[in-house]
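Asks: got a predicted structure plus its sequence, pasted below:
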Amino acid sequence: MRGFTWVVVVLLTGSLGACTAGTQPVPDSTSASLGTGAGSASSGSGTSSATGAPTAGPPPTSSPSAPAGGANGVDPLAGWSLEEKVGQIVMVGVSTSAPQRSSHDLVASAHVGNVFLQGRTSAGRQRVAALVHWFTDQVPSGATHGAPMIVATDQEGGLVQTLSGDGFSTIPSALEQGGLPPSELRSAAATWGSELAAAGVTLDLAPVVDVPTEGGAAGNAPVGALRRAYGFTAADVEAHADAFTDGLAGAGVAVAPKHFPGLGRVTGSTDSAAGVVDDLTDAYSEQVQVFRHEVARGARFVMVGTASYARLDPGTPAAFSPAVVQGLLRGQLGFGGVVITDDLSGAAQVAAWSPGDRAVKAIEAGCDIVLASKDPGVVPAMVSALVERARTDPAFAATVDRAARRVLAAKGIA
């Protein structure tokens, strides 16, 4: 087979690859480099803008009212089609146990420029890298207008660790991480980050910076009950989230603090329940202050959740709320980076809206990347809705352009 072997799916052990209908064999990583851009290579010790990693340094300063144009006044979107622009503001889920050909083909057919490794696999780093390459090797073909891909995953630790097996550490839960001295956590996170970078992952959708109360943690389904919180005070969460962030940054892996404006005061999980409401959090709450801290120290990405907040925008999921995204996160907190949504493809909280409406509402609210992690099958409807709305609504088309520019800036294209 000229330099590579085919990886066989074994679902019970979490191996990567495919030999079933609708999937494609994934070549072993011995035949490919670890870069995520056009023909790029990586030693596994870190990544750069050339390989699709969000660049290091201070956060972007672009805002919803920022003029078009990048470095030297040249618009990074010059020559892009509308479909290519829309592709940059969508992230498609990729199963780590049986990667579907449909997700792979969306890179070419819909110009989708970002992928999320979802589920759980114990296949190890070499096979994860092969899976990543199956997607990123499409960049040289022009599918993404030559822009490198953001490759994201959930590698928090404890019950939320997507990638394990040979080449990946077993990461303790955030609650256990919160019991470590920050210096020790920073050192451990540097190792975890280098493991992600070696597999081609450039963005970890972590750390969780929500703040449940100690007494309410057990009843806080999305965070406290799963031991995903670093602690029960803003100070504890900030210190340990910062250590985690700095460790990964040293390996060239970006993070996305989540789930703005905080899931520490809800009871239900937005993944499995509708009508999840926070009646307590406002612009001055402890959870929001943690995000303010993360923005001030240079966060490049923030994930916004889908719970609704009675004191911020009653009845509207946060990811659909201009008051939450534009008014609070971008306006009051001053965030100029990339806002990525929590999953909008299979979450019960947003099931009442069609997939297309979910995508449009998120971009209208000020989000930059629509995450469709659980059910990639809805991505064509999301892309079609975004393109159609932009074709008929110049104001929305301008909003798409702003979002795409922020994503390209995070990829080092400005």
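Replies: Right, received. Where do you want to start?
Asks: give me the mean pLDDT for stretch 228-235.
Replies: Stretch 228-235 carries an average pLDDT of 97.
Asks: so which bits of that stretch are buried?
Replies: Buried residues in stretch 228-235, counted by 16 or more other CB atoms under 10 Å: 228-232, 234. (C-beta placed from N, C-alpha, C; glycine too.)
Asks: which ones among those residues map onto strands?
Replies: Applying DSSP state E to the buried residues of stretch 228-235, no entry is found in strands.
Asks: ok, the residue nearest the centre of the chain to residue 400 distance?
Replies: In the chain, the centroid-proximal residue (CA atoms, centre = their mean) is residue 205; its distance is 4.8 Å. From residue 205 over to residue 400 the distance is 22 Å, taken as CB to CB, to the nearest Å.
Asks: hmm, back to that, between the buried residues of stretch 228-235, which is nearest residue 201?
Replies: Closest approach between the buried residues of stretch 228-235 and residue 201, by CB to CB: residue 228, at 19.2 Å.
Asks: list the contacts for the closest one?
Replies: Under the criterion of CB atoms under 8 Å, 6 or more residues apart in numbering, the contact list for residue 228 reads 156, 158-160, 173-175, 208, 210, 222.
Asks: from those, list the buried ones, please.
Replies: Using 16+ other CB under 10 Å as the burial test, the contacts of residue 228 include 156, 158, 160, 173-175, 208, 210, 222 as buried.
Asks: so residue 76 lies in a helix, does it not?
Replies: No: looking at residue 76 with DSSP: H, G, I helix; E, B strand; the rest coil, it is coil, so not inside a helix.
Asks: now the helices for the chain?
Replies: Secondary structure of the chain by DSSP state H: the helices cover 82-88, 101-109, 125-136, 174-177, 182-198, 234-250, 286-296, 322, 355-365, 379-392, 394-410.
Asks: from residue 384, how far out is the closest residue to residue 382 other than its chain neighbours?
Replies: Spatial nearest neighbour of residue 382, chain neighbours left out: residue 359 (3.8 Å); criterion: CB to CB, 6 or more residues apart in numbering. As judged by CB to CB, residue 359 and residue 384 stand 9 Å apart.
Asks: more neighbours: those two, which one.
Replies: Applying other CB atoms under 10 Å to residue 359 and residue 384 shows that residue 359 carries more neighbours, namely 29 against 16.
Asks: residues contacting that one?
Replies: Counting by CB under 8 Å, 6+ apart, residue 359 touches 90, 344, 370, 382-383, 385-386.
Asks: need the residues you listed in a markdown table (columns: neighbour count and distance to residue 193).
Replies: What follows is these, written out as a markdown table (neighbours: other CB atoms under 10 Å; distance: CB to CB, whole Å):
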| residue | neighbour count | distance to residue 193 |
| --- | --- | --- |
| 90 | 24 | 25 |
| 344 | 28 | 27 |
| 370 | 29 | 26 |
| 382 | 29 | 30 |
| 383 | 26 | 31 |
| 385 | 20 | 36 |
| 386 | 28 | 32 |
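Asks: which residues touch the nearest residue to residue 187 once chain neighbours are set aside?
Replies: In space, residue 187 comes closest to residue 247 once its chain neighbours are excluded; the distance is 6.8 Å by CB to CB, 6+ apart. By CB under 8 Å, 6+ apart, the contact list for residue 247 reads 185-193.
Asks: and which of these is nearest to residue 144?
Replies: Comparing those against residue 144 with CB to CB picks out residue 193 as the nearest, at 24.4 Å.
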